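**Student:** one predicted model, sequence on top.
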Amino acid sequence: DKTVSCVVVQNTVESVGGARTVRKEWRSDEVPGRVVKREVRQYLNGKEVESAFSQMEVVRFKGKR
């Protein structure tokens, strides 16, 4: 296992009607595609919509040598 340094980027989009989407990405130049982990959470009137939560995480990749 190897520890990878990441930059966290968060993007929040608010819509009329109280809907809000929060996207969070952990990025690293050491990983192909740059995204190590991605989370998307949706909220409606301040409460998280459980069925809308999604998460992606890179668990393995081949490093450059």
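**Tutor:** Cool, the structure landed. Computed from a prediction, not measured in an experiment: that's the story for all the values here.

**Student:** can you measure across stretch 29-41, start residue to end residue?
**Tutor:** 25 Å (CA to CA, to the nearest Å).

**Student:** which of the residues in that stretch are buried?
**Tutor:** 31, 35-38, 41 (16 or more other CB atoms under 10 Å). Where C-beta positions appear, they are placed from N, C-alpha and C, glycine not excepted.

**Student:** give me the subset of these lying in strands.
**Tutor:** With DSSP state E as the criterion, strands contain 35-38, 41 from among the buried residues of stretch 29-41.

**Student:** mind showing which ranges of the chain have poor pLDDT?
**Tutor:** Of all residues in the chain, those with pLDDT under 70 make up the ranges 59-65.

**Student:** that one: strands as residue ranges?
**Tutor:** 7-14, 19-27, 35-44, 47-48, 54-57.

**Student:** between the buried residues of stretch 29-41, which sits nearest E57?
**Tutor:** Using CB to CB, K37 comes nearest to E57 of the buried residues of stretch 29-41, at 4.5 Å.

**Student:** who does that closest one bridge with?
**Tutor:** When bridges are called by DSSP bridges, K37 pairs up with W26, E57.

**Student:** list the contacts of S28.
**Tutor:** S28 makes contact with 4-7, 34, 36, according to CB atoms under 8 Å, 6 or more residues apart in numbering.

**Student:** 7 Å instead?
**Tutor:** For S28, the contact set (CB atoms under 7 Å, 6 or more residues apart in numbering) comprises 4-6, 34, 36.

**Student:** same check on V7?
**Tutor:** By CB under 7 Å, 6+ apart, the residues touching V7 are R27.

**Student:** and the gap between it and G46?
**Tutor:** V7 sits 28 Å away from G46, going by CB to CB, to the nearest Å.

**Student:** swap in R23?
**Tutor:** Plainly put, R23 is 18 Å away from G46 if you go by CB to CB.

**Student:** more neighbours, those two?
**Tutor:** Under the neighbour definition other CB atoms under 10 Å, R23 and G46 were set side by side, and R23 has more, 15 against 7.
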